[in-house]
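Student: Dropping the sequence and predicted coords here.
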Amino acid sequence: MTKIKCGWCVGDDLYEAYHDEEWGVPVKDDAIFFEFLILETFQAGLSWITILRKRENFRKAFDNFDYKKIANYKQDKVDSLLLNAGIIRNKLKVNAAISNAKLFMELQEEFGSFSKYVWKFVDDKPIKSNFENYKDAPPTTAISDALSKDLKKRGFKFVGSTVMYAFMQATGLVNDHEVGCFRYESK
């Protein structure tokens, strides 16, 4: 029996696997949150499938998304990243990944974990949408606006409200699966 899936992923094996296994699954692990923060940072202005296709390259280039290592990158590492054709070679985004790693650790120190920090924006419970069609999901919400504003105030880069809403969808802070999707009730 064929499972009904959100329309945005149908027809691409990589997209479908990401949808079926990861998208919208509530994250509690800071390492996973940081991976998505990096990937969403690089996705800004691009399609998500572009990032997914380069995800393993990003993983290798950015030391398996180890924020402690990334926070200590020196210029030679930045230079090597900017020469790496396997990732998005955007100097501003590479530098943002490094500064965001430092700020990520500051948030961990302040709140005990990044997870505790970010889940407070949704009162520690995923927001469950009720969309028949994925195209009805908004690009931003008042909550993604608030998260974006707070992160920017703390110095984070490439964390606009649209990027933060996509981050919230990816990490399960929001369940935006279509109501007919087999994943809608599963998470």
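Tutor: Arrived safely.

Student: and E16, which of the three is it?
Tutor: At E16 the chain is in helix, as set by DSSP: H, G, I helix; E, B strand; the rest coil.

Student: Contact partners for it?
Tutor: Applying CB atoms under 8 Å, 6 or more residues apart in numbering, we find E16 in contact with K5, C9, V10. The way it works is simple: take the backbone N, C-alpha and C, and place the C-beta from them, glycine included.

Student: tally of neighbours for the second one?
Tutor: The local packing of C9 (other CB atoms under 10 Å) involves 20 other residues.

Student: do the last one as well
Tutor: The local packing of V10 (other CB under 10 Å) involves 11 other residues.

Student: what do you get for E106?
Tutor: Neighbour tally, E106, other CB under 10 Å: 13.

Student: Could you find the closest non-adjacent residue to it?
Tutor: In this structure, E106 finds its nearest non-sequential neighbour in R154, 7.4 Å apart by CB to CB, 6 or more residues apart in numbering.

Student: Inside strands: which ones of the contacts of E16?
Tutor: The strands in this structure, assigned by DSSP state E, contain none of those.

Student: thinking again about what came up before, what about the residue nearest to E106, how many residues close to it?
Tutor: 15.
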